[in-house]
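*Asks:* Return a 3D structure for these sequence lines:
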Amino acid sequence: MRKNIVAAGITLLALALLFGVSYPDGLLFSIPISLLNIILGLVTRTPPGLEIQPESANIRLVIDRGVVRASIYQLVFLNSKLVLKRLSSVMVTVVLAFVLAVIGLEILGIAGFSLQEFLTQRMRNKIGSEMQLTSVGGSDVEIEYDDLAEVRLVKSRLYLITHSNSLSASFPRGYSGKIKPMLANIFGSKFTDEESVRAAEAAEKENEKGQHPRGDRGKLSRR
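*Replies:* Now for the predicted structure:
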């Protein structure tokens, strides 16, 4: 059960009943959507989060949620490649929120998020039950580690850079610190993070200062 979705649904229902006294016509949409939100929260399981070193010898890290452009993926790091399993699209939230805004019920846009989370978890469950975690389907993405030139972790975003293309995935808050040691172990010298980039830039600046001491700047040679 997703407690945050249930709580949001209960809040929406309370608001619908409160404002329904003044706008009774709005109850036709607001109450069913609020109840739908509560039901989705009850049937949607809590996402698994991170799985570091799962039981499978071929899988080294699984990240349950990464947003790439307008799609949500499950990221599966294998021994030699990364598989991004497509779960759903963030357009579900956008479209439903837009429709509700058009009919004057934009406050119920949270239902779009609830529906998106339900569909995402449903697809995640299907992938797990059918043991498709390491396979590559038509809407999935596969990246060989040998094709990567650099893997960079900056805050909550992972940049996967090849010699001809690049892709970035954003994660929920709090994931970055947990996955950093594992990514460093998987990618070795190809992996950099925000701290290492700052350290390299600081070292470069110090090196430039050493090559051009402040006392020598602007001096002319004497004859």
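*Asks:* Can you give me the neighbour number for residue 115?
*Replies:* Residue 115 is flanked by 19 other residues according to other CB atoms under 10 Å. C-betas here are computed from N, CA, C, even on glycine.
*Asks:* Could you report the separation of it from residue 5?
*Replies:* Noted for residue 115: a distance of 10 Å to residue 5, by CB to CB, to the nearest Å.
*Asks:* what do you get for residue 184?
*Replies:* Residue 184 is 35 Å from residue 5, where distance means CB to CB.
*Asks:* More neighbours: which of those two?
*Replies:* residue 5 (24 against 17).
*Asks:* Correct me if wrong: the more buried one contacts residue 114.
*Replies:* Yes. Residue 5 is within contact range of residue 114, at 4.8 Å (criterion: CB atoms under 8 Å).
*Asks:* Which residues are in contact with each of those two?
*Replies:* Listed as contacting both residue 5 and residue 114 by CB atoms under 8 Å, 6 or more residues apart in numbering are 37, 40-41, 44.
*Asks:* so can I have JSON lines of those showing pLDDT and neighbour count?
*Replies:* Formatted as JSON lines, these follow (pLDDT from 0 to 100; neighbours: other CB atoms under 10 Å):
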{"residue": "37", "pLDDT": "87", "neighbour count": "26"}
{"residue": "40", "pLDDT": "91", "neighbour count": "23"}
{"residue": "41", "pLDDT": "92", "neighbour count": "21"}
{"residue": "44", "pLDDT": "90", "neighbour count": "20"}
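*Asks:* Flag the shaky bits of the protein, pLDDT-wise.
*Replies:* 21-23, 25-26, 53-56, 96-98, 100-109, 196-223 (pLDDT under 70).
*Asks:* max-length helix in it?
*Replies:* helix 110-129 (DSSP state H).
*Asks:* what sits up against that helix?
*Replies:* Residues contacting helix 110-129 (CB under 8 Å, 6+ apart): 2, 5, 8-9, 12, 33, 36-37, 40-41, 43-45, 47-48, 64-65, 72, 74, 85-90, 92-97, 100, 132-133.
*Asks:* What's the first helix or strand after it?
*Replies:* strand 141-144 (DSSP states H and E).
*Asks:* Output the contacting helices and strands for that following strand.
*Replies:* Secondary-structure packing of strand 141-144 (3 or more CB pairs under 8 Å, 6 or more residues apart in numbering; DSSP states H and E): strand 81-89.
*Asks:* For the protein, which segments count as strands?
*Replies:* 50-52, 59-68, 71-78, 81-89, 141-144, 148-154, 157-162, 166-170, 191-193 (DSSP state E).
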